[in-house]
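Undergrad: here is the input, now give the coordinates:
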Amino acid sequence: MYHAVSSAPGEATRALSVTPEAFGEQMALIADLGLTPVRTADLAAHWRSGRPLPARPVLITFDDGYEGVHRHALPVLAKHGFAATLFVTTGWLRGPHDNGEALDTMLDWDQVRELAAADVEIGGHSHTHPQLDQLPDDVLRRELIWCKEIVSDRLGTVPASFAYPYGYSSRRVREAVRETGYAQALAVGNGLARRRQGPYALRRVTVRRATGIEEFQRLVEGRAITRTFARDLALTKGYAMVRRVRQVRRKAIRSRV
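TA: Take a look at the predicted model:
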């Protein structure tokens with residue numbers, strides 16, 4: 001899971017960004033290891049209908065829609081003939097739906113179309129990038145539907161895949177994503193994607209600015225992932241409890257109104 005690919009990211013995106021040089025080195029390693037990148041929709045088709053996958057498949061995904069995915073990542077992907085998936089926050093992209101809340105320089109829709117034409121699957125990532133599990137039902141569904149309809153309108157194809165902003169979801173959110181028409185959805189979880197997770201809670205591992213090439217190799221080979229992300233996993237478990245309490249309180253308040 002990538003976010004920004006940039007030499008000079010903004011402060012808000014720096015920790016989860018990678019430099020163009022690091023991204024190039026990481027993609028070269030994937031090629032050297034004999035891994036074959038596939039799109040998220042290809043993985044879903046394999047699990048749902050048995051459509052064959054290449055040996056040693058890997059997902060390369062980008063969240064949000066930062067401009068560097070087109071400027072820096074696309075040439076590297078094209079060089080290696082790699083497929084990828086980009087999950088766009090439609091209210092952040094430059095153009096008629098821009099709400100002015102983006103954290104850094106974003107793609108415009110012409111660039112998104114160029115990515116789509118270059119074997120990059122375009123998926124949804126909500127409209128305004130909220131914490132979906134904290135939203136009331138009507139706002140949650142509006143976020144999902146707006147995102148799907150805008151992508152469909154701008155690209156002429158319905159997005160098949162979704163990624164949860166911040167990685168946060170719940171049974172209610174996952175059901176809403178399924179009912180909106182997305183065929184699969186990705187979380188974070190910092191673990192390998194397994195079929196038993198189900199099509200709406202697939203895990204990914206985070207690549208960030210501090211990820212060195214040795215650590216990256218361990219991640220793509222599935223080695224020492226739990227140890228690498230031990231602190232992240234502990235924080236995630238603790239915060240999940242806090243979030244559940246907040247959600248219960250919100251429901252109680254709404255029921256009294």
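Undergrad: and stretch 175-182, what's buried?
TA: Of the residues in stretch 175-182, Ala176, Val177, Thr180, Tyr182 count as buried by neighbour count, 16 or more other CB atoms under 10 Å. In this view, the C-beta of every residue, glycine as well, is placed from N, C-alpha and C.
Undergrad: list the contacts of the first one.
TA: Right, Ala176. With contacts defined as CB atoms under 8 Å, 6 or more residues apart in numbering, the neighbours of Ala176 are Asp137, Leu140, Arg141, Leu144.
Undergrad: could you rerun that using 6 Å?
TA: Residues near Ala176 by CB atoms under 6 Å, 6 or more residues apart in numbering: Leu140, Arg141.
Undergrad: so which strand or helix has it?
TA: Ala176 belongs to helix 171-180 when elements are defined using DSSP states H and E.
Undergrad: tell me which other helices or strands the helix or strand that that helix is followed by touches.
TA: For helix 171-180, the following helix or strand on the C-terminal side (DSSP H and E) is strand 184-189. For strand 184-189, the elements it packs on are strand 161-163, strand 202-204, judged by 3 or more CB pairs under 6 Å, 6 or more residues apart in numbering; DSSP states H and E.
Undergrad: just the ones you listed: most buried one?
TA: Highest mean neighbour count among the helices and strands packed on strand 184-189 (mean count of other CB atoms under 10 Å): strand 161-163, with a mean of 29.
Undergrad: around Gly98, how many other residues sit close by?
TA: Heads up, residue 98 is Asp, not Gly. Asp98: 14 surrounding residues under other CB atoms under 10 Å.
Undergrad: cool, Trp109 as well?
TA: The burial count assigned to Trp109 is 19, neighbours taken as other CB under 10 Å.
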